[in-house]
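Visitor: build me a model:
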Amino acid sequence: MSGHSKFANIKHKKEKNDAAKGKIFTIIGREIAVAVKEGGADPANNFKLAKVIAKAKANNMPNDTIERGIKKAAGDAGNVNYEYVTYEGYGPNGIAIIVDALTDNKNRTAANVRSAFTKGNGNIGTPGCVSFMFDKKGQIIIAKEDCELEADDLMMQALDAGAEDFSEEEDSYEILTDPDAFEEVEKALREAGIVMASAEVTMIPQNYVELTDETALKNLQRTLDLLDEDDDVQAVYHNWDE
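Guide: Have a look, this model is predicted:
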């Protein structure tokens, strides 16, 4: 485990996300549309939709907004032409970066992602070139300031719900799950009244890399900022120890 604070990173991301809440809701709206098209509008019979709804709630999307999105997607299912695409590459000093996108124009998205890497002195690689350095996991971060439970009690509750691992840091707890068990664990904790700072299926680096060179830091931040501004980009994963 890295010694850096995951909760501090989550707060940093949330602050950025709060400034662009509209983009987050747009991103989740696209995911809802694709999930409804593929499996229908009933989350009880559509596991993919259920996972997107869990993500929406973790990002504080209002229930009526979620329901409107599902109804709209059900009515427009024939017009949904988004598809998922993943890009992998290297930032400065070999920082591994994975970009997940949901797009209706793969050529546009590929050009934008390639440009973001190039402007940060990085480069796009072939599929699989960096993903082997990450593990796909459900990850739940709980801030200690928001949790009244003792660490052992929270750990037992998470493990009983199906979690794989539990760890304690200075200001937070981290719960890891198999991706297929994420929804069940997240739901059990939410119904128990536990406040989560973050809850998502993500790519977790097996090892983190520190950057000390000022130019490399600026280049990496430029790439990450450009990717963050792209409406087609759903998520960016990297192994930089922020």
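
Visitor: for Tyr208, give its distance to Gln139.
Guide: Here Tyr208 is placed at a distance of 15 Å from Gln139 (CB to CB, to the nearest Å). Every residue, glycine included, has its C-beta placed from N, CA and C.

Visitor: per-domain residue ranges of this structure.
Guide: 6-79, 83-132+207-238, 134-205 (automatic domain parsing).

Visitor: got these as CSV, with mean pLDDT columns?
Guide: Shown next, in CSV, are those (pLDDT from 0 to 100):
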stretch, mean pLDDT
domain 6-79, 80
domain 83-132+207-238, 94
domain 134-205, 92
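
Visitor: how about the ones you listed in JSON lines, adding mean neighbour count?
Guide: Putting the domains of the chain into JSON lines (neighbours: other CB atoms under 10 Å) gives the following:
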{"stretch": "domain 6-79", "mean neighbour count": "16"}
{"stretch": "domain 83-132+207-238", "mean neighbour count": "17"}
{"stretch": "domain 134-205", "mean neighbour count": "17"}
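
Visitor: ok, now which ones touch Ala44?
Guide: Counting by CB atoms under 8 Å, 6 or more residues apart in numbering, Ala44 makes contact with Ala50.

Visitor: can I take it that it is in a strand?
Guide: No: assessed with DSSP: H, G, I helix; E, B strand; the rest coil, Ala44 is helix; it does not lie in a strand.

Visitor: that one and Ala50, how far apart?
Guide: 8 Å.

Visitor: which residues does the residue lying closest to Val130 once chain neighbours are set aside bridge with?
Guide: The shortest distance from Val130 to any non-neighbouring residue, by CB to CB, 6 or more residues apart in numbering, is to Ala96 (3.8 Å). Beta bridges link Ala96 to Tyr90 when assigned by DSSP bridges.

Visitor: I figured Ala96 was touching Pro205, is that so?
Guide: Yes: with contact defined as CB atoms under 8 Å, Ala96 reaches Pro205; the gap is 7.2 Å.

Visitor: what about Leu102, helix or strand, and which?
Guide: Assigned by DSSP states H and E, Leu102 belongs to strand 96-103.

Visitor: and the gap between the nearest residue to Asp76 once chain neighbours are set aside and Thr26?
Guide: Closest residue to Asp76 apart from its sequence neighbours, by CB to CB, 6+ apart: Ala33 at 7.1 Å. According to CB to CB, Ala33 and Thr26 sit 11 Å apart.

Visitor: repeat for Leu227
Guide: Distance from Leu227 to Thr26, by CB to CB: 15 Å.

Visitor: now Asn123, what are its backbone angles?
Guide: phi -160, psi 150 (degrees, to the nearest 10).

Visitor: wait, doesn't it sit right on Pro92?
Guide: No: with contact defined as CB under 8 Å, Asn123 does not reach Pro92; the gap is 10.2 Å.

Visitor: contacts for the strand ranked longest in the chain next, please.
Guide: When the chain is scanned for its longest strand (criterion: DSSP state E), the result is strand 134-143. Applying CB under 8 Å, 6+ apart, the contact partners of strand 134-143 are 6-7, 10, 96, 98, 154, 158, 163-164, 171-179, 181-182, 185-186, 189, 194-206, 237, 239.

Visitor: packing partners of the next helix or strand after that strand?
Guide: For strand 134-143, the following helix or strand on the C-terminal side (DSSP H and E) is helix 151-161. If contacts are counted by 3 or more CB pairs under 8 Å, 6 or more residues apart in numbering; DSSP states H and E, helix 151-161 sits against strand 165-168, strand 172-177, helix 182-191.

Visitor: do you know which of the ones you listed lies nearest Glu145?
Guide: strand 172-177 (8.9 Å; CB to CB).
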